[in-house]
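Engineer: have a look; sequence and predicted model below, questions after that.
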Amino acid sequence: MNNQIAKISPELLEMMGSKLPNSLQPFSREIFLLDIVVAGTTHCPQIDKVFPHLEKDLVLRMQRMPQNKHDKNAIAIFYQKTRIGYVPRELNLVISRLMDAGKAFFCRVEAVELVNDYWVKIDAKIYMVE
């Protein structure tokens with residue numbers, strides 16, 4: 001009698017580890033955590049080039065920056081390969097600890113506006129992937 005539900009073959013293992021569209025992926029869901037205003041956009045030299053591409057529902061990548069000399073809990077926010085800002089310092093402690101423990105996060109743009117002709121204000125929502 002075989003106690004396995006399905007025999008595990010090298011092909012099945014490859015399919016489970018693949019990022020291809022037809023691959024098997026574990027169940028996941030997005031858990032909304034916080035509303036933020038992205039901090040530090042005025043310090044992004046490429047913000048003028050990125051600004052036209054930022055629109056509602058755009059997904060932005062989040063990356064821990066533990067070597068940041070101003071904030072050891074820093075979490076950078078990226079549009080493609082361009083760092084456009086950070087999660088505000090007063091809101092990053094718990095998320096940085098969860099990221100350090102291996103949890104995945106992203107943020108989604110809610111609104112973008114140019115304030116006083118120099119500040120790109122980006123309202124976003126942070127989600128955890130579970």
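Structural biologist: Yep, it's here. Residues are numbered from 1 along each chain as shown.

Engineer: any chance you could map the helices in this structure?
Structural biologist: With DSSP state H as the criterion, the chain has helices at 10-17, 47-50, 93-100.

Engineer: show me what counts as buried in the shortest one.
Structural biologist: Just to be clear, that refers to helix 47-50. Buried residues in helix 47-50, counted by 16 or more other CB atoms under 10 Å: 47, 50. (C-beta placed from N, C-alpha, C; glycine too.)

Engineer: for the spatially most central residue of the chain, list the residues it contacts.
Structural biologist: Closest residue to the average C-alpha location of the chain: Phe106 at 2.3 Å, with CA atoms, centre = their mean. Phe106 makes contacts with 59-62, 126-127, 129, as judged by CB atoms under 8 Å, 6 or more residues apart in numbering.

Engineer: what's the most distant pair in those residues?
Structural biologist: Greatest spatial distance among those (CB to CB): Leu60 and Val129, at 13.7 Å.

Engineer: more neighbours: which of these two?
Structural biologist: A count of neighbours by other CB atoms under 10 Å puts Leu60 above the other of Leu60 and Val129, at 20 against 11.
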